[in-house]
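Undergrad: below are the sequence and a predicted model; questions follow.
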Amino acid sequence: MILCNFFELMMTCLFHFRYIGKKQIISARFREKSSWNEEKSKTLPAQRQRPLVTRSVAAIDTSSSATFLPLTDTEASQRAVLEANMSHEVGLIVLDVLGQYCMNFKNQLDANDGDNPLMLKVKEIFITILQFGQSETLYKHTFASLRALVNKFPIAMFKGSSTLVGDLCVEILKCCNSRVPSTRNEACALLYLLMRSNFEFTGRKEFVRVHLQVIIAVSKLISDADSGRFQESLAIVNNYANNDKAMQNSHFPSQVRDLTKKIRTVLMATAQMKEHENDPEMYVDLQYSLAKSYSSTPELRRTWLESMAETHNKHGNYSEAAFCYIHIAAILAEYLKRKGVYPKGCSVFKSISANVEEDEKGVKDDGGMQDVQYTEEHFVDQLEKITKALEKAERFELIGEVYKLAIPYYEAQRDFTGLAAAYGHLHQAYQTVLKVMMSQKRWLGNYYRVAFFGAMYFGADDGKQYIYKEPKVTGLVDISQRLVSLFGNKFGVDNVELIRDSGKVDQSKLDDKIAYIQISFVKPYFDDKDLEERKTEFERSNNIRRFVFETPYTKGGKAHGSVDQQCMRKTILTTSHTFPYVKKRIKVMYENHQELSPIQVAIDEMNTRVKELQQVTSKISPDIKGLQLKLQGSVSVQVNAGPTAYAAAFFGKNQEKNWSSQHVWELKQVFKYFLIACSECLDVNAKLVKSDQFEYHEKMKNNFEEMVQHISELVGENVLEELPSMKRKSSASQVFSVISDSTGNIGY
């Protein structure tokens with residue numbers, strides 16, 4: 001403890017005697033004098049009351065004494081030299097003390113493979129020296145001391161905790177990026193020594209620890225790295241490896257080249273990130289590609305996933321940030337599985353996200369796992385981090401799935417504090433689920449299909465389609481303006497054009513000099529089986545990968561026509577991964593089309609109306625405002641042109657002969673279920689309506705009866721008499737089964 005306090009004192013000396021530069025010294029000198037006088041005035045005894053004139057003179061004297069003339073150039077230079085010499089001398093004394101201690105107390109520093117408080121303090125002192133601006137001479141002495149440390153303590157460096165080498169690598173790489181050539185050369189020599197010593201320590205097989213820690217350090221420093229100076233430093237390290245005669249007959253030179261190649265890849269990606277720093281989707285895509293390239297090395301992949309989560313949080317994409325944390329937890333689970341600690345591995349996250357197992361099961365025993373020490377405690381800490389992120393993303397239902405993984409650990413450890421906190425958080429989460437299900441005021445995002453055209457501007461993305469997940473209730477106008485502004489700033493406002501319709505684009509008719517963006521609103525697509533399994537709105541917003549959008553057309557070539565001429569093309573898009581994911585845009589992999597005839601369009605539209613009405617009445621506590629809006633849109637004469645127009649266009653002897661008898665029968669069945677749904681809504685409204693709305697309810701009831709009568713005349717059946725018996729038999733599944741055959745399982 002005494003030694004640790006002594007080392008702390010040395011670090012304090014380094015801080016207070018650090019050299020801060022000539023300009024800072026002059027400005028600090030003024031602040032020092034001013035603050036000294038302020039402190040002095042606070043400590044002086046209170047002055048007695050004096051005559052007015054005397055006090056005025058005293059005030060003038062005090063103010064004049066507090067004014068200091070600026071230092072002359074000679075005085076400033078002398079003071080700067082004194083400060084520099086003092087800083088230099090303190091640094092040399094500290095290095096001398098460290099050297100003496102490391103030489104005489106090796107066993108104490110090697111205790112527990114170097115993972116002890118004394119070695120930690122020694123490391124912190126060296127890092128403190130490197131972090132403060134030092135003279136070239138002191139840097140040379142510091143690097144010489146570090147080389148002695150590496151040679152004297154290989155066990156602590158390459159067998160104990162990886163944080164020792166990791167923290168050193170961060171500071172060494174900063175020096176490799178220094179403006180001073182001599183500092184860069186010294187840093188390169190130390191970095192090469194670390195690689196070589198690690199290689200020798202493993203019996204001339206590999207230098208995994210230094211390899212991983214260097215890549216991690218580069219990942220942390222990408223925003224501050226100067227590519228030119230860094231490339232020069234990498235070339236110096238390569239030259240050391242190529243000219244080291246003792247290593248010519250080993251794999252060491254090729255492994256050094258492999259490491260420097262990976263660093264250059266990261267630097268290239270960094271340069272691209274700087275180009276796209278205002279394009280959040282492209283920026284995250286670049287981070288994603290780097291994370292994917294390190295899928296076999298858990299620590300590196302984790303580093304990039306954490307970087308992605310930070311980017312998502314910055315832009316308010318909380319669901320994507322939460323899923324980055326989920327993938328990190330899956331990495332830990334898979335690591336623990338390979339160590340025989342957690343048999344299930346990343347497959348435990350299958351119920352949360354279908355992407356996890358596919359992405360994270362690729363951890364290989366290639367050395368990427370040898371230098372990390374994850375435990376079940378790390379895993380559970382990550383799970384707790386996920387629960388907080390999911391709460392922020394308003395995906396409360398998934399919190400329970402995460403705690404299913406954490407609670408067994410708490411139980412095994414008899415951690416009753418952890419159990420109490422977990423069950424308390426669960427209680428709060430499920431209470432919130434009930435509230436949002438009652439209020440229907442949770443928005444988990446809108447989806448848009450975005451297609452890019454223009455090889456000159458979009459390169460490999462020319463002709464590609466993506467599904468963009470936008471937060472909350474982002475509208476089509478909002479995303480259109482954002483993307484047009486984004487690419488307008490990038491390519492020039494006059495070179496970007498928005499394609500406003502959702503139809504198929506003939507690229508041969510496009511101008512090669514223009515960047516085209518086509519944006520269409522899409523909805524998640526579900527077939528009958530999906531709808532049976534996904535009961536809640538949340539289930540229909542989680543683990544989704546199929547989307548649909550509609551393109552109206554007529555055989556005459558116009559987009560819109562009369563009811564009996566209006567056709568529809570449904571485009572179903574399938575993405576490579578499910579939403580939510582670690583990124584907010586996912587590439588479209590497959591595209592299918594369904595062509596609907598006018599009567600099939602009518603069946604589909606009426607089916608949608610039936611489902612909307614049934615959703616309103618199926619709630620435990622129906623929202624009377626939402627109920628009345630849906631009801632009014634279905635039965636009021638002035639707005640029910642849709643249902644009555646469909647009935648007039650497709651029912652009756654003169655009309656039915658123009659269409660398939662099967663389709664006509666299906667449309668009639670859907671109409672009957674539509675009337676049932678309207679009748680049930682009226683029944684619910686009658687129970688909820690207050691006295692001041694009774695007249696309004698009676699008016700809607702009369703409109704409904706008129707509509708039933710009109711449809712009965714067109715159908716040729718007295719539908720009103722059939723309603724009571726049909727209502728007893730009706731169910732959502734019956735409606736879906738009736739209509740699905742003709743429209744190709746359209747149940748989104």
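TA: Arrived safely, thanks for sending.

Undergrad: all contacts plus neighbour counts: C-alpha atoms, from now on.
TA: Noted.

Undergrad: where's the nearest residue to Arg264 once chain neighbours are set aside, which helix or strand?
TA: Using Cα to Cα, 6 or more residues apart in numbering and skipping the chain neighbours, the partner closest in space to Arg264 is Gln231 (7.5 Å). Assigned by DSSP states H and E, Gln231 belongs to helix 227-243.

Undergrad: and the residue nearest to Arg264, how far from Val266?
TA: Distance of Gln231 to Val266, given as Cα to Cα, to the nearest Å: 12 Å.

Undergrad: what does Lys404 give?
TA: Counting by Cα to Cα, the gap from Lys404 to Val266 is 38 Å.

Undergrad: which one's more surrounded, those two?
TA: Val266 (18 against 12; other Cα atoms under 10 Å).

Undergrad: for that one, give me its contacts.
TA: 218-219, 290 (Cα atoms under 8 Å, 6 or more residues apart in numbering).

Undergrad: so which of those residues is surrounded by the most neighbours?
TA: Within those, most neighbours by other Cα under 10 Å means Val218, with 22 neighbours.

Undergrad: doesn't it belong to a helix?
TA: Yes: applying DSSP: H, G, I helix; E, B strand; the rest coil, one finds Val218 inside a helix.

Undergrad: show me where the stretch 551-700 of the chain has helices.
TA: Counting by DSSP state H, counting those that start in this stretch, the stretch 551-700 of the chain has helices at residues 598-617, 624-635, 641-650, 653-656, 661-688, 694-715.

Undergrad: actually, the stretch 51-200 of the chain.
TA: 52-65, 73-104, 106-110, 117-131, 136-152, 154-158, 163-176, 181-201.

Undergrad: buried residues, the longest one. List them.
TA: Which is helix 73-104. For helix 73-104, a neighbour-count test (16 or more other Cα atoms under 10 Å) marks 76, 79-80, 83-84, 87-88, 90-92, 94-95, 98, 102 as buried.

Undergrad: show me where the stretch 501-650 of the chain has its strands.
TA: 515-524, 544-553, 567-579, 585-596 (DSSP state E, counting those that start in this stretch).

Undergrad: compare those and give me the one nearest Val450.
TA: Val450 lies closest to strand 515-524 among the strands of the stretch 501-650 of the chain, at 4.6 Å (Cα to Cα).

Undergrad: that closest one pairs with which strands, parallel or anti?
TA: Counting by DSSP bridges, the strands paired with strand 515-524 are strand 446-453 (antiparallel), strand 496-499 (parallel), strand 544-553 (antiparallel).

Undergrad: need the winner for burial among the ones you listed.
TA: The highest average neighbour count among these, using mean count of other Cα atoms under 10 Å, belongs to strand 446-453 at a mean of 23.

Undergrad: which residues does that strand contact?
TA: With Cα under 8 Å, 6+ apart, strand 446-453 has contacts from 458, 461-476, 507, 515-523.

Undergrad: for PyMOL, write the select line for the buried members of those.
TA: Applying 16+ other Cα under 10 Å to those, the buried members can be selected in PyMOL as follows:
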select buried, resi 458+462+463+465+466+467+468+469+470+471+476+515+516+517+518+519+520+521+522+523
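
Undergrad: ok, His16 - how many residues close by?
TA: Neighbourhood size, His16 [other Cα under 10 Å]: 9.

Undergrad: next: the one 3 residues further on.
TA: Applying the criterion other Cα under 10 Å, we find 23 residues in the vicinity of Tyr19.

Undergrad: just to revisit the earlier point, in a markdown table, list the strands of the stretch 501-650 of the chain along with mean pLDDT and distance to Asn107.
TA: Below are the strands of the stretch 501-650 of the chain laid out as a markdown table (pLDDT from 0 to 100; distance: least, Cα to Cα, whole Å):
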| stretch | mean pLDDT | distance to Asn107 |
| --- | --- | --- |
| strand 515-524 | 96 | 64 |
| strand 544-553 | 94 | 58 |
| strand 567-579 | 95 | 53 |
| strand 585-596 | 95 | 55 |
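
Undergrad: got TSV for these, with distance to Leu130 too?
TA: Listed next are those as TSV, based on distance: least, Cα to Cα, whole Å:
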stretch	distance to Leu130
strand 515-524	48
strand 544-553	50
strand 567-579	45
strand 585-596	41
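
Undergrad: and Ser145, which of the ones you listed is closest to it?
TA: strand 585-596 (49.8 Å).

Undergrad: what comes into contact with the closest one?
TA: 281, 464-469, 567-577, 743-744.

Undergrad: about what we covered before: include mean neighbour count when you put the helices of the stretch 551-700 of the chain into JSON lines, please.
TA: Converted to JSON lines, the helices of the stretch 551-700 of the chain look like this (neighbours: other Cα atoms under 10 Å):
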{"stretch": "helix 598-617", "mean neighbour count": "20"}
{"stretch": "helix 624-635", "mean neighbour count": "18"}
{"stretch": "helix 641-650", "mean neighbour count": "18"}
{"stretch": "helix 653-656", "mean neighbour count": "12"}
{"stretch": "helix 661-688", "mean neighbour count": "20"}
{"stretch": "helix 694-715", "mean neighbour count": "17"}
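
Undergrad: mind checking the SS state of Glu277?
TA: At Glu277 the chain is in coil, as set by three-state DSSP.

Undergrad: please, which helix or strand holds the closest residue to it other than its chain neighbours?
TA: Spatial nearest neighbour of Glu277, chain neighbours left out: Tyr283 (6.0 Å); criterion: Cα to Cα, 6+ apart. In the assignment (DSSP H and E), Tyr283 maps to helix 280-293.

Undergrad: go ahead and produce CSV holding the CA coordinates of whichever helix or strand comes after that helix.
TA: Counting by DSSP H and E, the element after helix 280-293 in chain order, helix or strand, is helix 298-314. Coordinates of each C-alpha in helix 298-314 appear next as CSV, following Å, rounded to 0.1, in the frame of the first residue of the first chain:
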residue,chain,number,x,y,z
PRO,A,298,-14.6,-12.0,-30.4
GLU,A,299,-12.8,-9.1,-28.9
LEU,A,300,-12.4,-7.2,-32.2
ARG,A,301,-16.0,-7.9,-33.3
ARG,A,302,-17.2,-6.7,-29.9
THR,A,303,-15.2,-3.5,-30.3
TRP,A,304,-16.8,-2.6,-33.6
LEU,A,305,-20.3,-3.6,-32.4
GLU,A,306,-19.9,-1.2,-29.4
SER,A,307,-18.8,1.5,-31.9
MET,A,308,-22.0,0.8,-33.9
ALA,A,309,-24.1,1.0,-30.8
GLU,A,310,-22.6,4.4,-30.0
THR,A,311,-23.4,5.7,-33.5
HIS,A,312,-27.0,4.4,-33.2
ASN,A,313,-27.5,6.0,-29.8
LYS,A,314,-26.2,9.3,-31.2
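
Undergrad: now do helix 298-314: everything it contacts.
TA: Here helix 298-314 has contacts from 212, 215-216, 219, 280, 284, 287-288, 290-292, 294-295, 318, 320-322, 324-325, 327-328, 331-332, 335, 363, 368-369, 372, 582, using Cα under 8 Å, 6+ apart.

Undergrad: where does this structure have low pLDDT?
TA: 1, 22, 25-73, 222-227, 296, 362-372, 637-641, 719-748 (pLDDT under 70).

Undergrad: at 50 what do you get?
TA: Applying pLDDT under 50 to the chain picks out residues 31-67, 365-368, 639-640, 728-748.

Undergrad: relative to Tyr240, how far out is Leu149?
TA: Here the distance between Leu149 and Tyr240 works out to 20 Å (Cα to Cα).

Undergrad: with Ala84 instead?
TA: Counting by Cα to Cα, the gap from Ala84 to Tyr240 is 33 Å.

Undergrad: and for Leu476?
TA: Using Cα to Cα, we find Leu476 at a distance of 57 Å from Tyr240.

Undergrad: just Gln231 next, same as before
TA: Using Cα to Cα, Gln231 is found at 14 Å from Tyr240.

Undergrad: buried residues, stretch 412-420. List them.
TA: Buried, per 16+ other Cα under 10 Å, within stretch 412-420: 418-419.
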